[in-house]
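> Would you be able to build a 3D model of this:
(one chain, ligands or ions: 1)
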Amino acid sequence: MKAVTFTEYGSPDVLKMCEIAKPVPKDNEVLIKVFATSAHIGDTRIRKADPFLVRLVFGLFKPKKNLIPGLEISGVIESVGKNVTSFKKDDQVFALTGFGLGGYAEYRCLPEKVKKGTQEKKGLVALKPENLSYEEAATVPAGALTALKNMEKAKIKAGQKILINGASGSLGTFAIQLAKYYGAEVTAVCSATNFELVRSLGADQVIDYTAEDFTKSDKKYDVVYDAVMKLKKAHCSTILKKNGVFLNNYNLPVIEEKDLLLLKDLIERNKLKPVLDRIYSIDEIVEAHRYVDKGHKKGNVAITMGKIPGGNK
Ligand SMILES: NC(=O)c1ccc[n+]([C@@H]2O[C@H](COP(=O)([O-])OP(=O)(O)OC[C@H]3O[C@@H](n4cnc5c(N)ncnc54)[C@H](OP(=O)(O)O)[C@@H]3O)[C@@H](O)[C@H]2O)c1
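Residues are numbered from 1 along each chain as shown. Next up is the predicted model:
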């Protein structure tokens, strides 16, 4: 099968298309024919070995042999192992691939279920939201789960005021919608070019970070979510209420199967939708990573793996 791999850490040019053996599902696994994946910021960070911790997980001096990026996928079940009961051939699914990555390939095997608390490591599969295309669905799992766990950590409640920094990125666009779903009042920080986007997702107030230092404002928030990870808690001491919560994607509650099911439900009830900035084909993966590396994408970037049944978007 076709897959993208890399044998050294570095610029997008290290990503190379190659032919590798098609995987065979174990008794507890499903084999997914991948229709779409994403150019997730996590994939770009692994490719760059940034932060250094990446090397401890994925290979100290160079990436482990046949390391295929791809943190999230959508596709159909092609076959199932003999112990699998909750999925069948032709089911449309979306999935987090976990630390095993492997989304930049025509096929990916994932376990049907794993022990609670190991989903982030071993992956998580669910039926795809019916109202999303494969391209949209492939950009949901990693970003939306991270945004959801941040909201859960803050125990966000109706009437609370939350400021989201980096509101126009992948995490930010999911977080705005989730915070609104929980009834919070949202202040979105992004550049003025993205005001319309974040307002369309539900932001009540907007701040242009290029024109105003929101950390010096006299407004107070129950929660400050630095989705784009540019700040420290100390920077926000003036704008956080007493006992206010600072979030920055660290030390989150563990991801569980119910979380992906909640996202599917919210999407199908039109409470949540992924923002798709661009779609590239897998043959354009180098350009896709180059675009994400610039740090200014709006929401998410999907990658298609060839022809999608029903048509590519
Ligand atoms: N996505 C995930 O699942 C995930 C999970 C864990 C950790 N993280 C980490 O979280 C961070 C954000 O991830 P992401 O996927 O949301 O990133 P992203 O989609 O690449 O964020 C890009 C957006 O951030 C905005 N931005 C850039 N610099 C900014 C600044 N100084 N202040 C406010 N906004 C700024 C950009 O808006 P402008 O174009 O207007 O500048 C752009 O819309 C990354 O460091 C990533 O490694 C991500």
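
> ok, the residue of the stretch 201-313 of the chain found nearest the ligand - how many residues close by?
Nearest to the ligand in the stretch 201-313 of the chain, going by CB to the nearest ligand atom, is His296, at a distance of 3.3 Å. For glycine as for every other residue, the C-beta is placed from the backbone atoms N, C-alpha and C. By the criterion of other CB atoms under 10 Å, His296 has 13 neighbours.

> ditto for Phe58
By other CB under 10 Å, 18 other residues sit near Phe58.

> and what of Asn165?
Residues contacting Asn165 under the criterion other CB under 10 Å number 27.

> related to what we said a few turns ago, got phi/psi on the residue of the stretch 201-313 of the chain closest to the ligand?
Phi and psi for His296, reported as degrees, to the nearest 10, are phi -130, psi 20.

> so how far is Asn194 from it?
9 Å (CB to CB, to the nearest Å).

> Looking from the ligand, tell me which residue of the stretch 101-250 of the chain is nearest.
For the stretch 101-250 of the chain, CB to the nearest ligand atom, closest residue to the ligand: Gly169, 2.4 Å.

> Now that residue. Nearest residue, chain neighbours left out?
Nearest residue to Gly169, sequence neighbours excluded (CB to CB, 6 or more residues apart in numbering): Val228, at 5.8 Å.

> Surely the one you found and Gly172 touch.
Yes. Here Val228 reaches Gly172: they are 6.9 Å apart, a contact under CB atoms under 8 Å.

> Please say which of these two ends up with more neighbours.
Using other CB under 10 Å as the criterion, Val228 and Gly172 rank with Gly172 on top: 30 against 22.

> ok but that one is inside a strand, no?
No. Looking at Gly172 with DSSP: H, G, I helix; E, B strand; the rest coil, it is helix, so not inside a strand.

> how far away is it from Glu8?
For Gly172, the distance to Glu8 equals 32 Å [CB to CB].

> Check Arg278 too.
26 Å.

> With neighbour numbers in mind, choose between these two.
Arg278 (17 against 13).

> How confident is the prediction for the more buried one, by pLDDT?
pLDDT for Arg278: 98.

> which parts of the helix or strand where Val93 lies are buried?
Here Val93 sits within strand 92-96, counting by DSSP states H and E. By 16 or more other CB atoms under 10 Å, the buried positions in strand 92-96 come out as Gln92, Val93, Phe94, Ala95, Leu96.

> Neighbouring strands of it in the sheet, and parallel or not?
Note on strand 92-96: by DSSP bridges, its sheet partners are strand 72-80 (antiparallel), strand 124-127 (antiparallel).

> what about the longest one, near the ligand?
This points to strand 72-80. No. Against the ligand, strand 72-80 shows no contacts by CB under 6 Å from any ligand atom, the least distance being 8.6 Å.

> Can you point out the buried residues in that strand?
Glu72, Ile73, Ser74, Gly75, Val76, Ile77, Glu78, Ser79, Val80.

> average model confidence for that strand?
Here the average pLDDT along strand 72-80 is 98.

> My guess is the residue of the stretch 101-250 of the chain closest to the ligand contacts Lys297. True?
Yes. Gly169 lies in contact with Lys297 (CB under 8 Å); the separation is 6.7 Å.

> Settle it for me: which of the two has more neighbours?
Between Gly169 and Lys297, Gly169 has the larger neighbour count (other CB under 10 Å), namely 25 against 19.

> Tell me which residues touch that one, please.
Gly169 sits next to Ile41, Ala227, Val228, Lys297, Lys298, Gly299 when contact means CB atoms under 8 Å, 6 or more residues apart in numbering.

> Touching both of Val228 and Gly172, which residues are there?
Shared contacts of Val228 and Gly172, counting by CB under 8 Å, 6+ apart, come down to Asn165, Gly166.

> related to what we said a few turns ago, what two of the buried residues of strand 92-96 are the furthest from one another?
Spanning the widest gap among the buried residues of strand 92-96 are Gln92 and Leu96, at 16.0 Å by CB to CB.

> residues in the stretch 151-300 of the chain within reach of the ligand, list them.
165-166, 168-172, 189-191, 193-194, 209, 227-230, 249, 295-298.

> Repeat the analysis, applying 5 Å as the threshold.
Contact residues (CB under 5 Å from any ligand atom) of the stretch 151-300 of the chain with the ligand: 166, 168-171, 190-191, 194, 209, 228-230, 249, 296-297.

> Do a quick rundown of the strands in the stretch 101-250 of the chain.
107-111, 124-127, 161-165, 185-190, 205-208, 221-226, 240-247 (DSSP state E, counting those that start in this stretch).
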